[in-house]
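Q: Model the following, please.
(one chain, ligands or ions: 1)
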Amino acid sequence: MSNGFYYRDERLFCDAVDLNELAGTTNGPFYVYSKFELGQNLNSIKAAAQGFNFIPCYAVKANYNPQLLKIIASSGFGADVVSAGELYFAQKAGFPNEKIVFAGVGKTAAELELAISSGIHSLNIESAAELELAGQIAQRLQRRVNIALRINPDIRVDTHEYITTALHSNKFGIPVEEALLYYRKLKSHPWLNPAGVHVHIGSQITDVQPFRKAADELNHFVAELESMGIGLDFIDLGGGIGINYQHRFDAPNTDAQHLHEILSSYLNTLQPKGKAVLAELGRAIIGNTGLLISRVLYKKQTPVKNFTIVDAGMNNLIRPSLYRAWHEIVPLVKRSGPKMMSDIVGPVCESGDYFAKDRETEMLESGDFIAIGGAGAYGQSLSSHYNLRPRLAEFLIDGNQIIPIARELSIRELAAQYEW
Ligand code: LLP
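A: As a prediction, this is how the structure comes out:
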């Protein structure tokens with residue numbers, strides 16, 4: 001078996017668990033993750049980096065479930081965090097401080113202080129103003145901290161405009177020429193150690209070319225710094241390696257192989273020459289490990305459309321609504337016979353609340369369960385209580401074991417946090 005999710009006798013399994021049976025024991029939609037798929041991805045990253053002095057980090061924003069974090073931490077990965085909250089989860093899940101990088105364009109003074117006093121691996125700095133503040137805080141704390149300026153190489157990538165990051169029209173990073181000036185200034189700084197450089201060119205990038213281009217930019221940049229007498233200790237490649245969201249339950253899963261190819265190519269184009277290399281991968285680690293399971297409530301026809309209304313909504317998985325993202329949708333039990341075409345939509349009071357438009361699926365009937373694929377990354381972590389809907393339960397499947405890893409966060413619990 002090379003897939004964590006696969007059909008056996010027309011029934012969708014995760015490892016050895018029949019998902020329809022699991023769904024029958026639950027109330028409402030839920031997330032389910034395959035430990036097997038997660039292991040494949042983690043191994044693939046380690047294998048691609050053999051021979052390099054590599055610190056693979058996991059971008060906690062993609063999915064912060066503590067049990068998933070613990071598996072990733074215990075595989076030797078570090079963490080990429082972007083808030084005090086993510087730093088707290090990463091530390092509590094067991095990521096060692098010396099393998100934690102802190103990124104983000106708007107860190108507060110309190111967050112910078114927390115990061116510096118924790119002795120994390122490095123701070124990724126995104127502006128002159130942030131650099132100044134980090135310097136003041138490090139001085140006050142009398143703690144020297146590793147800095148990596150995030151350079152913005154103005155590279156165009158083929159992904160949704162909301163998840164491009166390396167264009168000068170994006171808020172991220174510092175243009176290359178400007179960054180060189182800051183490194184020159186930092187050369188003799190007592191508290192800020194300009195030890196690294198950081199780049200992150202966007203997300204859900206499935207083509208190797210933009211990564212090669214980023215590697216070339218980094219090589220030039222590092223050479224420029226060396227000519228100024230500044231030698232770096234590490235290069236942080238960022239994240240962004242994409243996954244295949246399409247048609248994957250009946251075919252062998254090639255994500256781990258694809259991940260291996262892109263990462264090897266990125267690393268081999270880079271010439272780290274003994275420097276440590278970091279990467280901050282989110283989706284490539286966790287994206288294909290998760291499904292959102294939902295039940296069909298109603299079928300409805302208007303004069304021009306068929307709708308399949310399900311019990312999960314955009315508050316649970318916002319990617320289709322926000323990025324027009326395409327997620328595979330399959331029944332947990334396949335019916336033979338004619339297929340159907342419909343918009344698969346949630347119960348939320350927004351026309352943008354949909355999972356698929358004009359999608360052909362197996363015939364679905366009220367009460368059937370469906371799986372929405374590729375939901376491991378930016379699914380639960382981007383969810384909300386909109387329309388006062390609960391946050392969903394999560395299960396991890398390990399062989400034939402079903403491990404509850406988050407219970408539903410109910411509206412009663414939410415209500416208890418308000419003044420009434
Ligand atoms: N490093 C930095 C600095 C980032 O901003 C991000 C993602 C990552 C690493 C991890 O990127 P990944 O390897 O997962 O592509 N919500 C969007 C994705 C937003 C990504 C934000 N930054 C989505 O659902 O497609």
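Q: and whichever strand in the chain runs longest, which strands flank it?
A: The residue-count maximum for a strand in the chain (DSSP state E) belongs to strand 290-301. Using DSSP bridges, the strands paired with strand 290-301 are strand 30-34 (antiparallel), strand 306-310 (antiparallel), strand 369-372 (antiparallel).
Q: Quick check: which of these is nearest to the ligand?
A: strand 369-372 (13.2 Å; CB to the nearest ligand atom). For every residue, glycine as well, the C-beta is placed using N, CA and C.
Q: Now mean neighbour count and mean pLDDT too, for the strands paired with strand 290-301, in CSV please.
A: Formatted as CSV, the strands paired with strand 290-301 follow (neighbours: other CB atoms under 10 Å; pLDDT from 0 to 100):
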stretch, mean neighbour count, mean pLDDT
strand 30-34, 25, 98
strand 306-310, 20, 98
strand 369-372, 25, 98
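Q: Name the helix or strand for S384, please.
A: Using DSSP states H and E, S384 sits in no helix or strand.
Q: returning to that earlier point: now tabulate the strands paired with strand 290-301 in JSON lines and tack on distance to I318.
A: Formatted as JSON lines, the strands paired with strand 290-301 follow (distance: least, CB to CB, whole Å):
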{"stretch": "strand 30-34", "distance to I318": "14"}
{"stretch": "strand 306-310", "distance to I318": "15"}
{"stretch": "strand 369-372", "distance to I318": "12"}
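Q: Per-residue pLDDT of the residue of the chain most remote from its centre, please?
A: Here the centre of the chain is the reference, and by CA atoms, centre = their mean the most remote residue is P303, at 39.5 Å. For P303, the model assigns a pLDDT of 97.
Q: Pretty sure it sits in a strand.
A: No - per DSSP: H, G, I helix; E, B strand; the rest coil, P303 lies outside any strand segment and is coil.
Q: State the mean pLDDT of stretch 322-337.
A: pLDDT averaged over stretch 322-337 gives 96.
Q: Excluding its own residues, what touches that stretch? List them.
A: Stretch 322-337 is contacted from outside by 7, 10-12, 19-20, 23, 160, 162-163, 245-249, 293, 317, 319-320, 344, 355-356, 359, 361-365, 368-375, 382, using CB atoms under 8 Å, 6 or more residues apart in numbering.
Q: Using CSV, write out every CA atom in that stretch.
A: Output in CSV follows, covering the C-alpha atoms of stretch 322-337 (Å, rounded to 0.1, in the frame of the first residue of the first chain):
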residue,chain,number,x,y,z
LEU,A,322,-11.1,32.3,-0.6
TYR,A,323,-8.8,31.1,-3.4
ARG,A,324,-11.2,29.3,-5.7
ALA,A,325,-9.2,26.3,-4.7
TRP,A,326,-10.1,22.9,-6.3
HIS,A,327,-10.4,20.1,-3.8
GLU,A,328,-11.3,16.6,-4.7
ILE,A,329,-14.6,15.4,-3.4
VAL,A,330,-15.5,11.7,-3.3
PRO,A,331,-18.2,9.6,-1.6
LEU,A,332,-17.1,7.3,1.3
VAL,A,333,-19.1,4.6,-0.3
LYS,A,334,-19.3,4.6,-4.1
ARG,A,335,-22.6,3.8,-5.8
SER,A,336,-22.6,2.2,-9.2
GLY,A,337,-24.8,3.7,-11.9
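Q: Report the distance from it to the chain centre.
A: Relative to its chain's centre, stretch 322-337 lies at 21 Å (CA atoms, centre = their mean, to the nearest Å).
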